[in-house]
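Engineer: sequence and predicted structure are below.
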Amino acid sequence: DAGVTQSPTHLIKTRGQHVTLRCSPISGHKSVSWYQQVLGQGPQFIFQYYEKEERGRGNFPDRFSARQFPNYSSELNVNALLLGDSALYLCASSLVRTGHNEQFFGPGTRLTVL
Amino acid sequence: KNEVEQSPQNLTAQEGEFITINCSYSVGISALHWLQQHPGGGIVSLFMLSSGKKKHGRLIATINIQEKHSSLHITASHPRDSAVYICACWEGAQKLVFGQGTRLTINP
């Protein structure tokens, strides 16, 4: 079975640009969460989506948005990129929305903003 | 102060040594994860626990809910165990709060 997949693996953008990151969950998983991991730190929660609806949001500005599609894949969008948005963006999927289900992480997308 | 604190931040040991990584949290949690992250970024879930103790191979995780503390132990450590180990706590149903990670290096 395929695990969680993310695309692209690496991305270089300049300040002010927009970026879209994509995530495909494990087949049958309906919940997708997004995390930002700045170099040398632990990941930070950005969003959780379940059944195509936003169920949770971390402390990130409105420049960050996401959506989940009928096939449960998800996109993370970041507008007006700042240098500080440079990070590894991780997607994780789980079977259900509640916190007692194991999360399976994708390999991440490494975003560099110049 | 971070809601999830890990210690030590860095740990270097010789092959075969018994390893302990600690995690203390201040948030009210429903469950706690121990995660492993190798260079390149991929994260693997090692354990999820809400009480007691779990064991998988050479890895053991314990949690004390009253003391808000969890430990990850590695017995007979091996160079392939070298990685960053991250403690993460479920705060409610949506939000996973992560520690800053412990970088473990096992020398042959």
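Structural biologist: Structure's in. What do you need?

Engineer: contacts only, for residue 42.
Structural biologist: The chain I'm using is chain A. Residues near A:G42 by C-beta atoms under 8 Å, 6 or more residues apart in numbering or on different chains: B:4, B:86, B:88, B:98-101. Any C-beta I mention is one placed from the backbone N, CA and C, and that applies to glycine too.

Engineer: oops, wrong one, chain B.
Structural biologist: Taking C-beta under 8 Å, 6+ apart as the test, what B:G42 contacts is A:105, A:107-108.

Engineer: nearest to A:H10, of those?
Structural biologist: Set against A:H10, the nearest of the contacts of B:G42 by C-beta to C-beta is A:G108 (9.6 Å).

Engineer: for A:Y89, see how far away that closest one is.
Structural biologist: A:G108 sits 6 Å away from A:Y89, going by C-beta to C-beta, to the nearest Å.

Engineer: A:V4 - nearest residue in space that isn't next to it in sequence?
Structural biologist: Closest residue to A:V4 apart from its sequence neighbours, by C-beta to C-beta, 6 or more residues apart in numbering or on different chains: A:G106 at 3.7 Å.

Engineer: next one, pLDDT for the one you found please.
Structural biologist: Looking at A:G106, its pLDDT is 94.

Engineer: for it, phi and psi?
Structural biologist: Backbone torsions of A:G106, given as degrees, to the nearest 10, read phi -80, psi 180.

Engineer: quick one: pLDDT of the residue of chain B found nearest chain A?
Structural biologist: Residue of chain B nearest chain A, by C-beta to the nearest C-beta: B:Q94 (2.7 Å). On pLDDT, B:Q94 comes in at 74.

Engineer: hang on, it packs against A:G58?
Structural biologist: No. The pair formed by B:Q94 and A:G58 falls short of the contact definition of C-beta atoms under 8 Å, at 9.1 Å.

Engineer: among these two, which residue is more densely surrounded?
Structural biologist: More crowded of B:Q94 and A:G58, by other C-beta atoms under 10 Å in any protein chain shown: B:Q94, with 21 against 18.

Engineer: could you find the closest non-adjacent residue to that one?
Structural biologist: A:G56 (2.7 Å).

Engineer: quick check: closest non-adjacent residue to B:V4.
Structural biologist: Closest to B:V4 by C-beta to C-beta, 6+ apart is B:G99, at 4.2 Å.

Engineer: any idea how many residues pack against that neighbour?
Structural biologist: Neighbour tally, B:G99, other C-beta under 10 Å: 28.

Engineer: thought it was touching B:P8?
Structural biologist: No. With contacts counted by C-beta under 8 Å, B:G99 stays clear of B:P8, the gap being 11.6 Å.

Engineer: give the helix, strand or coil label for A:S33.
Structural biologist: strand (DSSP: H, G, I helix; E, B strand; the rest coil).

Engineer: right, and the helix or strand after the helix or strand of chain B with the lowest mean pLDDT?
Structural biologist: In chain B, no helix or strand scores lower on mean pLDDT, DSSP states H and E than strand B:95-98, which sits at a mean of 88. The helix or strand immediately downstream of strand B:95-98 is strand B:102-107, counting by DSSP states H and E.
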